[in-house]
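> Sequence and predicted structure, then a few things I'm wondering about:
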Amino acid sequence: MFRPLEGVQVLDLSRVLAGPYTAKLLSDLGATVLRVEAPWGDDTRGWGPPFTEIGEEQVAAYWTSVNLGKSIIRKNLKIKSDLQDVRKLISDSDIIIENFRPGKAEEWFEPWPDKAIVCSISAYGNEGPRSEEGGYDIVMQARSGLMSITGDENGTIAKVGVAVIDVATGLHASSAIIAALYRREKEGIGAKLNLSLWDCALDLLVNQAQNAIISGKNPVPMGSSHPNLVPYRAYKTLDSEFVIAVGSDEQWEKLALALRLEIPLDSDWSKNSQRVEDRKLVDAMISKSVKQLTSSELESLLDGIPCAPVNSIKQALSDPNSTERGMLSSTLGIKHVSSPHRFHN
């Protein structure tokens, strides 16, 4: 398997998650990443437990999730000699990733090298009334509206279980960087990229944002249910929770036959739009049927219909498909999730 970014030099000046995750993705693709941390280290080194050992230092598992495989140096940018050292590193880099407060990196490092690709990540962007504000992922989940649709049907609000906005920003940033690299190959010029958690959070709302725009109504938390599809949620079985995800009317027909559902004669549940209208009735009928089965029995019965038990993370990591695809790797003696990228000649 080849890695297409081999030979590309990345300087990671970022902190916490979105920027470091961006650099990790580029490293997964073959780039060489040099990471600069403050003398006291990135904040996430202490975000534990759990902790693990790297050399003689204990670091949080959180930090290792995005920084293993990078070369790490410590510099204090408030010290002139350290600042000069980092400026030299910038001149030798193809890609620079930073997430200082807007304007700070320009104050320290401009002018940027002509052919460098500089990716700046901030909370709210370099322009706008909130540009000077910082923000962690949970703040973005709250302000963006994502948290308003994440929770149970009773209105109990919850955040997504991972820092999904940071991760989405890293994905957007890495794709923007690769697009800029492609342009540099054609035109020989660098680029200045500006991404914000705020913009990526709103983009992440996809159909829910569009539902609000078109209907004029605010989406509400629905637990595991889907606002536009029925049935598409978790149901209780004899021994656990189990997800059934019907994405087409054809799949609905298969489900109805498999569960021997007694569909009311006057209903038009063959159409998803009607099933959405009659959501409570449809869900009640399915719930009554599946609660008499174990999750294993139900999965066998629903062969060909998208479905799955609600696994723990340890169950997912040890799933036969994870094992077969080599989804656990080791770096510096520390196990971690492998890159999802698969490139073959």
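It's in. Numbers count the residues shown, from 1 in each chain.
> pLDDT weak spots in this structure?
Counting by pLDDT under 70, the chain shows no low-confidence range.
> what's the residue closest to the geometric middle of it?
With distances taken as CA atoms, centre = their mean, V167 lies nearest the centre of the chain, 3.6 Å away.
> SS state for that one?
Classification of V167 using DSSP: H, G, I helix; E, B strand; the rest coil returns helix.
> excluding its backbone neighbours, what's nearest it?
The shortest distance from V167 to any residue other than its chain neighbours is 6.1 Å, reached at Y21 (CB to CB, 6 or more residues apart in numbering). Just so you know, the C-beta spots here come from the backbone N, C-alpha and C atoms, and that holds for glycine as well.
> one step back: ok, the residue nearest to the centre of the chain to L25 distance?
Computed as CB to CB, to the nearest Å, the V167 to L25 distance reads 10 Å.
> For this structure, which segments count as strands?
Taking DSSP state E as the test, the strands found in the chain are 9-12, 32-37, 51-54, 57-60, 71-74, 95-98, 117-122, 191-196, 232-236, 241-245, 307-309, 328-331, 334-337.
> I'd like those strands laid out as TSV, including distance to L83 and mean neighbour count.
Formatted as TSV, those follow (distance: least, CB to CB, whole Å; neighbours: other CB atoms under 10 Å):
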stretch	distance to L83	mean neighbour count
strand 9-12	14	23
strand 32-37	11	21
strand 51-54	27	16
strand 57-60	25	16
strand 71-74	13	12
strand 95-98	13	26
strand 117-122	17	26
strand 191-196	20	19
strand 232-236	52	18
strand 241-245	52	18
strand 307-309	51	17
strand 328-331	30	12
strand 334-337	32	14
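> which one of those lies closest to E132?
Nearest to E132, of all the strands of the chain, is strand 117-122, at 9.5 Å by CB to CB.
> Hey, what's the angle from that closest one to strand 191-196? Just curious.
Using axes from the mean of the first three to the mean of the last three CA atoms, to 10 degrees, one finds that strand 117-122 and strand 191-196 are set 20 degrees apart in direction.
> Outside of strand 117-122 itself, which residues are in contact with it?
Contacting residues not belonging to strand 117-122 are listed as 14, 18-19, 22, 94-99, 101-102, 105, 112, 126, 131, 169, 173, 176-177, 180-181, 184, 190-197 [CB atoms under 8 Å, 6 or more residues apart in numbering].
> re earlier: correct me, but the residue nearest to V167 touches D166?
Yes. In this structure Y21 lies within contact range of D166 using CB atoms under 8 Å: 6.5 Å.
> then stretch 286-293 to PDB, C-alphas only?
Presented in PDB, the C-alpha positions along stretch 286-293 are these (Å, rounded to 0.1, in the frame of the first residue of the first chain):
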ATOM      1  CA  ILE A 286     -42.200  -3.000  15.900                       C
ATOM      2  CA  SER A 287     -41.300  -2.600  19.600                       C
ATOM      3  CA  LYS A 288     -44.000  -5.200  20.600                       C
ATOM      4  CA  SER A 289     -42.600  -7.600  18.000                       C
ATOM      5  CA  VAL A 290     -38.800  -7.300  18.700                       C
ATOM      6  CA  LYS A 291     -39.000  -7.300  22.500                       C
ATOM      7  CA  GLN A 292     -39.800 -11.000  22.400                       C
ATOM      8  CA  LEU A 293     -36.400 -11.800  20.700                       C
END
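> I'd like the distance from that stretch to the chain centre, please.
Computed by CA atoms, centre = their mean, to the nearest Å, the separation of stretch 286-293 from the middle of its chain amounts to 33 Å.
> Give the buried residues for that stretch.
Within stretch 286-293, the residues that count as buried by 16 or more other CB atoms under 10 Å are I286, S289, V290, L293.
> all helices of the stretch 1-150 of the chain, in order?
In chain order, the stretch 1-150 of the chain shows helices spanning 18-28, 61-67, 80-91, 104-109, 137-143, with DSSP state H, counting those that start in this stretch as the criterion.
> about what we covered before: okay, the residue nearest to V167 and K217: tell me how far apart.
Applying CB to CB, the value for Y21 to K217 is 34 Å.
> re the thing from before, quick one: contacts for the residue nearest to V167?
Y21 is in contact with V66, D166, V167, G170, counting by CB under 8 Å, 6+ apart.
> I'd guessed the last one sits against V16; true?
No. Taking contact to mean CB under 8 Å, the distance of 11.0 Å between G170 and V16 leaves them out of contact.
> Looking at the two, which has the bigger crowd around it?
For the pair G170 and V16, the greater number of neighbours falls to G170 (27 against 20), based on other CB atoms under 10 Å.
> Without its sequence neighbours, what residue ends up closest to that one?
Once flanking residues are discounted, G170 sits nearest to Y21: 3.5 Å by CB to CB, 6+ apart.
> ditto for E57
The spatial neighbour of E57 that comes closest, neighbours along the chain excluded (CB to CB, 6+ apart), is R45 at 8.0 Å.
> what about that neighbour, how many neighbours?
With neighbours defined by other CB under 10 Å, the count for R45 comes to 19.
> Pretty sure it sits against T64.
No. Applying CB under 8 Å, one finds R45 not in contact with T64, separated by 9.3 Å.
> export the strands of the chain to a markdown table and tack on distance to A158?
Written out in a markdown table, the entries for the strands of the chain read as follows (distance: least, CB to CB, whole Å):
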| stretch | distance to A158 |
| --- | --- |
| strand 9-12 | 31 |
| strand 32-37 | 32 |
| strand 51-54 | 26 |
| strand 57-60 | 23 |
| strand 71-74 | 34 |
| strand 95-98 | 30 |
| strand 117-122 | 26 |
| strand 191-196 | 24 |
| strand 232-236 | 14 |
| strand 241-245 | 16 |
| strand 307-309 | 21 |
| strand 328-331 | 28 |
| strand 334-337 | 23 |
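> Sweet, I'm off.
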